[in-house]
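Engineer: 3D model of this:
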Amino acid sequence: MKESIEFKGIWYLPGQPEKSAAGNLYYKKGNSIKLELIGSLSEESHPFAGFFSKGTSEQKLIYGESSTGKKITLVDCFKGAGSYNTSCSFPLTSFDCTYIIIGKHLANPDEQCFNKITVLTPALSDWPDSLLIREEIDFEGNKIMSFKINIDTQTVIHTEVDLGSKLKLSLATSATMTGQQIYPDCVKINQLTYFHIETISEKLSFFELLKQAGLFIQFLSLATYSDQYPIEVKLQDYDDYSEYKVGKVFTEIELFKTNRNEDTKSSKSDFLFSYRDIEDDFSSVIQKWFSLSKDLMPIRNHLLNSIKRKPVFTSLDFLIVVQALEGYHTRFINKKRISLQSRIEDLITLYSSDVPKIAKLVMDVQVVVNTRDYYSHFFETDKKVFIKESIELFRLTEKLRLLLICCILDLIGFNKQKINEIVNKHNLFDVEN
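Structural biologist: So this is what the prediction gives:
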């Protein structure tokens, strides 16, 4: 969970180590990845030729060797700002990069050389609800006399799921303690849960593994009812290891990418459902989620965009949910050309008998249609036509979002009873009528 990194080293294009330049690589959470060079990576003999070159400003790969001995690959790099002084023998150049891979030089961006990706997201460690760290406190009256902390250092594998396409997913929780030799005044204890996606036979590129990881991250966003994203990513190549007396030790390969500067705060009470809630059905739900990835993509994206925490609610939030409901009904229930009003009424009817919170919704569907038309088609308001604005629009959006969540849960394998349990325990769905 590194907030920033800096590497000093030499940098060069693949196959051209003799034309290297010294420089520093910088990464900071929420900012771009920047490589600043003393000199140029140009193939030209004159030191300033590359600075003035009109050729391509993009480099698919740049190799680095850090002062700490790390191999580094920078992927998708674009020439940035630079400077030169005619009285100096070298220019200053820079690149903005999309990805950093620390620990390996890739032959090309799409090289299929990885067997496994390991990812941590902000809320994942709380989601399985595992307790590997336990405390015992001895009291004498109101005074604490002593306390003990017990740490189970064995990694707990919660589940393994066959994703098809020769991939499997697993969840694992582990606890670690950093002793006083590093932190003289304290002991640092961590319990973290990661998910792994592993190839069963053939290796994959880091792009493809990231894509698969992204699907599960979207599932976690739904489960935790919060915007999830990778805060730590590691890769493994099972052919890249060192032999020791204890056995094989795989080379640690870290991945960083240009990311947004977000600090997602979520608590267990906000989760839509936890791993324990769906433990018995976890494998089938995840398999359905991955198998429907293409069919579900636009609707899933609209839903996840609608639950992101935003400083201000706007009419776009309403339109996103309505469009997702319309798309869901069209794609999975009735492909015929029917009205938006009929589609929403159909969805309400579908869940009303099994999900009381849906049955209790007070919602004029014609007003939903009028409001959608007003905000999406920019119609002038007719005094005879009712639309929702301000806080009323927000409340209407919350009701429609509840309906959309029922649709998504139904599609990925939750039965109506489980859907009802989930929405009943979640106070965010106590929508005012």
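
Engineer: Report the residue ranges of every domain in the protein.
Structural biologist: Domain ranges of the chain: 4-102, 116-270, 297-429, per automatic domain parsing.

Engineer: As JSON lines, these with mean neighbour count and distance to Trp289 would be great.
Structural biologist: Glycine gets a C-beta too; all of them are placed from N, C-alpha and C. Written out in JSON lines, the entries for these read as follows (neighbours: other C-beta atoms under 10 Å; distance: least, C-beta to C-beta, whole Å):
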{"stretch": "domain 4-102", "mean neighbour count": "16", "distance to Trp289": "26"}
{"stretch": "domain 116-270", "mean neighbour count": "15", "distance to Trp289": "5"}
{"stretch": "domain 297-429", "mean neighbour count": "16", "distance to Trp289": "5"}
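
Engineer: Poorly predicted segments of the stretch 151-300 of the chain, please.
Structural biologist: Within the stretch 151-300 of the chain, the stretches with pLDDT under 70 are 151-156, 177-187, 260-265.

Engineer: now the strands: where do they sit in it?
Structural biologist: Counting by DSSP state E, counting those that start in this stretch, the segments of the stretch 151-300 of the chain that form strands are 156-164, 167-178, 188-199, 232-236, 241-244, 247-250, 253-257.

Engineer: returning to that earlier point: indicate which one of the domains of the chain is closest to Phe290.
Structural biologist: For the domains of the chain, proximity to Phe290 was assessed by C-beta to C-beta; domain 116-270 is nearest, at 5.2 Å.

Engineer: Redo the domains of the chain as a markdown table? Include distance to Ile278.
Structural biologist: Formatted as a markdown table, the entries for those read as follows, by distance: least, C-beta to C-beta, whole Å:
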| stretch | distance to Ile278 |
| --- | --- |
| domain 4-102 | 31 |
| domain 116-270 | 8 |
| domain 297-429 | 8 |
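
Engineer: residues contacting the closest residue in space to Ser376 that isn't next to it in sequence?
Structural biologist: Leaving aside its chain neighbours, Ser376 sits nearest to Leu319 (5.7 Å; criterion: C-beta to C-beta, 6 or more residues apart in numbering). Applying C-beta atoms under 8 Å, 6 or more residues apart in numbering to Leu319 gives the contacts Arg372, Tyr375, Ser376.

Engineer: secondary structure class for Leu319?
Structural biologist: Reducing the assignment to helix, strand or coil with DSSP: H, G, I helix; E, B strand; the rest coil, the entry for Leu319 is helix.

Engineer: Tell me how far it lies from Ser226.
Structural biologist: Distance of Leu319 to Ser226, given as C-beta to C-beta, to the nearest Å: 22 Å.

Engineer: Which neighbouring elements make contact with the top helix by length along the chain?
Structural biologist: For the chain, the longest helix by residue count, based on DSSP state H, is helix 390-411. Judged by 3 or more C-beta pairs under 8 Å, 6 or more residues apart in numbering; DSSP states H and E, the packing partners of helix 390-411 are helix 293-307, helix 315-332, helix 340-352, helix 356-359, helix 365-377, helix 416-425.

Engineer: okay if I get those helices as TSV plus distance to Ser221?
Structural biologist: Below are the helices and strands packed on helix 390-411 laid out as TSV (distance: least, C-beta to C-beta, whole Å):
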stretch	distance to Ser221
helix 293-307	5
helix 315-332	14
helix 340-352	22
helix 356-359	22
helix 365-377	25
helix 416-425	15
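
Engineer: who wins for proximity to Lys248 among these?
Structural biologist: Within the helices and strands packed on helix 390-411, the stretch nearest Lys248 is helix 293-307; the backing value is 33.5 Å (C-beta to C-beta).

Engineer: Distance from the closest one to the middle of the chain?
Structural biologist: Remark: helix 293-307 is offset 14 Å from the chain centroid, using C-alpha atoms, centre = their mean, to the nearest Å.

Engineer: and it, what does it pack onto?
Structural biologist: Applying 3+ C-beta pairs under 8 Å, 6+ apart, we find helix 293-307 packed against helix 206-224, helix 315-332, helix 390-411.

Engineer: Make TSV out of those and add distance to Asn24.
Structural biologist: Below are the helices and strands packed on helix 293-307 laid out as TSV (distance: least, C-beta to C-beta, whole Å):
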stretch	distance to Asn24
helix 206-224	24
helix 315-332	41
helix 390-411	45
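
Engineer: Of all the ones you listed, which one is nearest Ile348?
Structural biologist: Among those, the nearest to Ile348 by C-beta to C-beta is helix 390-411 (6.7 Å).

Engineer: Compute the inter-axis angle for that closest one and helix 340-352.
Structural biologist: Counting by axes from the mean of the first three to the mean of the last three C-alpha atoms, to 10 degrees, helix 390-411 points 60 degrees away from the direction of helix 340-352.

Engineer: Run the angle between helix 390-411 and helix 365-377 for me.
Structural biologist: Relative orientation of helix 390-411 versus helix 365-377 (the same axes, to 10 degrees): 100 degrees.

Engineer: What mean pLDDT does helix 390-411 get?
Structural biologist: Helix 390-411 comes out with an average pLDDT of 92.

Engineer: Can I get it as PDB, trimmed to CA atoms?
Structural biologist: Below are the C-alpha coordinates for helix 390-411, written out as PDB (Å, rounded to 0.1, in the frame of the first residue of the first chain):
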ATOM      1  CA  SER A 390     -34.200  18.700  -6.000                       C
ATOM      2  CA  ILE A 391     -34.700  16.500  -2.900                       C
ATOM      3  CA  GLU A 392     -37.700  14.700  -4.500                       C
ATOM      4  CA  LEU A 393     -35.500  13.700  -7.400                       C
ATOM      5  CA  PHE A 394     -32.900  12.300  -5.100                       C
ATOM      6  CA  ARG A 395     -35.500  10.200  -3.200                       C
ATOM      7  CA  LEU A 396     -36.900   9.000  -6.500                       C
ATOM      8  CA  THR A 397     -33.400   8.000  -7.600                       C
ATOM      9  CA  GLU A 398     -32.900   6.000  -4.400                       C
ATOM     10  CA  LYS A 399     -36.100   4.100  -5.000                       C
ATOM     11  CA  LEU A 400     -35.100   3.200  -8.500                       C
ATOM     12  CA  ARG A 401     -31.600   2.300  -7.400                       C
ATOM     13  CA  LEU A 402     -33.100  -0.300  -4.900                       C
ATOM     14  CA  LEU A 403     -35.000  -1.800  -7.800                       C
ATOM     15  CA  LEU A 404     -31.900  -1.900  -9.900                       C
ATOM     16  CA  ILE A 405     -29.900  -3.700  -7.200                       C
ATOM     17  CA  CYS A 406     -32.700  -6.300  -6.900                       C
ATOM     18  CA  CYS A 407     -32.300  -6.900 -10.700                       C
ATOM     19  CA  ILE A 408     -28.600  -7.300 -10.600                       C
ATOM     20  CA  LEU A 409     -28.700  -9.700  -7.600                       C
ATOM     21  CA  ASP A 410     -31.400 -11.700  -9.300                       C
ATOM     22  CA  LEU A 411     -29.400 -12.000 -12.500                       C
END
